[in-house]
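[1] what follows is a predicted protein model with its sequence.
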Amino acid sequence: MVLQVVEKFVSINGEGRRCGQLATFIRFAGCNLNCGYCDTAWANDRKVAFDPMTAEEVYAYIKDTQVTNVTLTGGEPLLQQDMGELLELLSQDPDLYVEIETNGSVLLSKFSDLDNPPSFTMDYKLPSSGMERMMALENFDHLTEKDTVKFVSGSMTDLEKARELINKYNLTEKTNIFISPVFGDIELESIVDFMKDNQMNGVNMQVQLHKIIWDPNERGV
Ligand SMILES: C[S@@+](CC[C@H](N)C(=O)[O-])C[C@H]1O[C@@H](n2cnc3c(N)ncnc32)[C@H](O)[C@@H]1O
Ligand SMILES: Nc1nc2[nH]cc(C(=O)O)c2c(=O)[nH]1
Ligand code: SF4
Ligand SMILES: [Mg+2]
């Protein structure tokens, strides 16, 4: 079996806890969701061209970059059949900090037997994505202080839902929380106002940095 890699590159991470730091990105083909706002829908096309790579080849590429932060993304990376093998391999290298972006529909419990698990950045898909029904709420029980829940918000309804979930599942006590705008779809100030109005302590607002530096549709950055 192989991993289906649609692009791999070094850039600054434009999202998450290590935003602004160099990272090696590996983007995998295919996704089980179809979010209305998806900025990488091209990677989910059934006919997308991919590089078939073994876990060892992906690891060799990462080491070759000499960049120690790694972001595995997609598409939905946790749907790759050999992802367990890759995560196992990466987890044995103490020099690497590995993040994996995942869409909230794949059970994280499947990956809980790793000795040194990656940092999971798990989206909860809010109403404006059109995919909320696919969310596996039990994933909230598997997140730790190493992980992140991300709420990509495109409307006030989305923000309300994020607030409700943060409170209901006590998420600020368990893990890191980010609220990000669906790029270009919501007034940035309205997110800050919402956070102020609702005393959202311990929550980070974040705008995708790479979309400010480069053209928002640019690939490989
Ligand atoms: C393309 S997804 C790939 C990983 C995984 N499928 C997921 O959705 O988390 C990577 C991240 O980009 C975010 N994203 C996609 N389109 C976006 C947009 N138009 N504006 C802001 N964030 C977006 C997703 O919500 C996710 O957090
Ligand atoms: N620079 C940059 N940072 C990112 N952080 C997460 C990304 C992603 O697509 O998952 C991403 C991306 O595509 N580019
Ligand atoms: S889950 Fe991620 S890759 Fe899949 S459609 Fe949604 S944003 Fe795009
Ligand atoms: Mg992206």
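    Received it, and whenever you're ready, just let me know what you need. Not measured: the values here are computed from a predicted model. Ligands and ions are numbered 1, 2, ... in the order given.
[2] buried set for whatever helix or strand E7 lives in?
    Element membership of E7 [criterion: DSSP states H and E] is strand 3-12. Counting neighbours by 16 or more other Cβ atoms under 10 Å, one finds that the buried residues in strand 3-12 are 3-8, 11. Yep, even glycine has a C-beta here, placed from its N, CA and C like the rest.
[3] likewise for stretch 30-50?
    Applying a neighbour-count criterion of 16+ other Cβ under 10 Å, the buried positions in stretch 30-50 are 30-31, 33, 35, 37-38, 43-44, 50.
[4] do stretch 59-72 as well
    Within stretch 59-72, the residues that qualify as buried are 59, 62, 67-72, counting by 16+ other Cβ under 10 Å.
[5] that stretch near ligand 3 at all?
    No. Stretch 59-72 is not in contact with ligand 3 by Cβ under 6 Å from any ligand atom; minimum separation 12.4 Å.
[6] now do the end-to-end distance for that stretch.
    End-to-end span of stretch 59-72 (Cα to Cα, to the nearest Å): 12 Å.
[7] give me the distance between it and the centre of its chain.
    Centroid separation for stretch 59-72 versus its chain: 17 Å, with Cα atoms, centre = their mean, to the nearest Å.
[8] is it positioned near ligand 1?
    No. On the criterion Cβ under 6 Å from any ligand atom, stretch 59-72 is out of touch with ligand 1, staying 8.8 Å away.
[9] residues touching that stretch, excluding its own?
    Contact with stretch 59-72 is made by 8, 10, 13, 16, 18, 21-26, 28, 53, 83, 86, 89-90, 93, 95-101, 118, as judged by Cβ atoms under 8 Å, 6 or more residues apart in numbering.
[10] other SSEs contacting the helix ranked longest in the chain?
    The longest helix of the chain (DSSP state H) is helix 156-168. When contacts are defined as 3 or more Cβ pairs under 8 Å, 6 or more residues apart in numbering; DSSP states H and E, helix 156-168 packs onto strand 148-153, strand 176-181, helix 188-197.
[11] is it true that V106 touches M134?
    No. Counting by Cβ atoms under 8 Å, V106 stays clear of M134, with 9.7 Å between them.
[12] the two: which is more packed in?
    More neighbours surround V106 than the other of V106 and M134, with 20 against 16 (other Cβ atoms under 10 Å).
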